[in-house]
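Asks: Let me see the structure of the following:
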Amino acid sequence: MGKRINLQDLEKIPDLTLVGIVKRKKDFEIIKKEKWYRIPVKSAPKEISQIKYLAFYFPQIFGEKKWQILYYGKVKKIEILKRIDLLPNEKVHPNALEDYYKINIEKLIKLKNPIVSQRGRRIVFIITTLKKLLNSKEINDLFITSPIEEKLYCELKKNKIPCERQYFVKEGNDFYSLDFAIFGKKGKIAIECDGEKYHLKKKAILYDRERDNQLVSAGWRILRFYSKDIKKSPERCIRLIKKTIERIS
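Replies: From the prediction side, this is the model:
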């Protein structure tokens with residue numbers, strides 16, 4: 001996979017934004033009326049202390065609102081409280097005594113243009129920017145990734161090739177994040193963008209081999225492109241992707 005954006009780089013982004021899922025209708029009522037959202041400390045993204053804005057993604061239970069980001073708000077304050085203190089009416093919840101981030105927002109703002117998931121993805125968190133949030137049309141436009149991944153994504157969009165970015169799959173006991181996933185009636189494709197320096201390391205080569213074996217055994221076709229290929233010959237990459245898509249269509 002391509003080089004990931006590290007925390008130090010994210011700290012330089014003045015409008016860093018977190019997209020979180022709203023799991024229950026009662027939670028959205030809290031967001032609307034009380035202007036706060038909760039995240040378990042143990043599963044919170046490492047960028048939590050840096051976020052300036054918070055946006056909300058609605059899953060299937062929200063009916064007409066499902067698979068969309070419709071609202072966001074500016075972060076006012078972040079504090080840590082026990083779940084039981086946040087939701088005193090749910091004292092018997094198994095996580096009642098666990099620590100949670102309480103993220104307070106100034107006000108709830110409706111996006112002019114909803115951001116949709118064409119595939120109906122169940123996301124947990126996405127780190128993005130306010131600029132991306134206000135200008136994106138679909139979920140895959142939001143991700144902050146390496147320059148080579150961004151370039152390949154632009155090429156895929158230009159060629160009208162639907163894909164999912166940063167797509168998580170579970171195979172056996174392991175979770176894998178795919179740079180890009182493409183789905184067809186007869187199969188699925190995982191596309192990886194490889195930075196030359198990282199993948200010259202023996203440990204990385206061994207990891208990729210094991211990872212690829214697991215994915216292939218689960219029915220994935222895997223395409224790997226080095227950064228120099230994406231930079232210098234993106235059209236060749238797209239031709240190979242299209243040829244592989246023909247086999248799964």
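Asks: low pLDDT regions in the chain?
Replies: Along the chain, the parts satisfying pLDDT under 70 run over 1-11, 196-203.
Asks: any idea which residue sits dead centre in it?
Replies: residue 126 (4.1 Å; C-alpha atoms, centre = their mean).
Asks: So the residue nearest to it when sequence neighbours are not counted versus residue 240, what's the distance?
Replies: Closest residue to residue 126 apart from its sequence neighbours, by C-beta to C-beta, 6 or more residues apart in numbering: residue 19 at 4.1 Å. For every residue, glycine as well, the C-beta is placed using N, CA and C. The gap separating residue 19 from residue 240 is 32 Å, by C-beta to C-beta, to the nearest Å.
Asks: who has more neighbours, the two?
Replies: Taking neighbours as other C-beta atoms under 10 Å, residue 19 and residue 240 compare with residue 19 leading, 22 against 14.
Asks: For the one helix or strand the more buried one maps to, enumerate its sheet partners and note whether each is parallel or antiparallel.
Replies: Assigned by DSSP states H and E, residue 19 belongs to strand 16-21. Strands that pair with strand 16-21, judged by DSSP bridges, come out as strand 53-58 (parallel), strand 125-129 (antiparallel).
Asks: what comes up buried for the shortest one?
Replies: Judged by neighbour count (16 or more other C-beta atoms under 10 Å), strand 125-129 contains these buried residues: 126, 127, 128, 129.
Asks: So what are the structural domains in this structure, by residue number?
Replies: 7-141, 147-248 (automatic domain parsing).
Asks: Is the residue nearest to residue 126 bridged to anything, and to what?
Replies: Beta-bridge partners, per DSSP bridges, of residue 19: residue 55, residue 126.
Asks: ok, now residue 82?
Replies: Counting by DSSP bridges, residue 82 is bridged to residue 99.
Asks: so it touches residue 101, yeah?
Replies: No. Checked against C-beta atoms under 8 Å, the pair residue 82 and residue 101 is beyond contact range at 11.6 Å.
Asks: Counting neighbours, go ahead and name the busier of those two.
Replies: residue 101 (18 against 13).
Asks: Give me the contact list for the strand holding residue 19.
Replies: Contact with strand 16-21 is made by 10, 37, 39, 45, 47-48, 50-59, 69, 72, 122-130, 132-133, 142, as judged by C-beta atoms under 8 Å, 6 or more residues apart in numbering.
Asks: Quick check on those: which are buried?
Replies: For the contacts of strand 16-21, a burial check counting by 16+ other C-beta under 10 Å picks out 10, 37, 39, 47, 50-51, 53-59, 69, 72, 123, 126-130, 132-133, 142.
Asks: of all the strands paired with strand 16-21, which lies closest to residue 113?
Replies: Residue 113 sits nearest to strand 53-58 of all these, at 12.8 Å, using C-beta to C-beta.
Asks: Show the contacting residues for residue 37.
Replies: Neighbour list for residue 37: 20, 22, 27, 30, 31, 54, 56, 102, 103, 105 [criterion: C-beta under 8 Å, 6+ apart].
Asks: Now do the helices in the protein.
Replies: 7-10, 25-34, 83-86, 130-135, 147-158, 202-217, 227-232, 234-248 (DSSP state H).
Asks: Export the ones you listed as a markdown table, with columns for distance to residue 97.
Replies: Shown next, in a markdown table, are those (distance: least, C-beta to C-beta, whole Å):
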| stretch | distance to residue 97 |
| --- | --- |
| helix 7-10 | 29 |
| helix 25-34 | 19 |
| helix 83-86 | 6 |
| helix 130-135 | 34 |
| helix 147-158 | 40 |
| helix 202-217 | 37 |
| helix 227-232 | 47 |
| helix 234-248 | 48 |
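Asks: Single out the most deeply packed of these.
Replies: The highest mean neighbour count among these, using mean count of other C-beta atoms under 10 Å, belongs to helix 147-158: a mean of 18.
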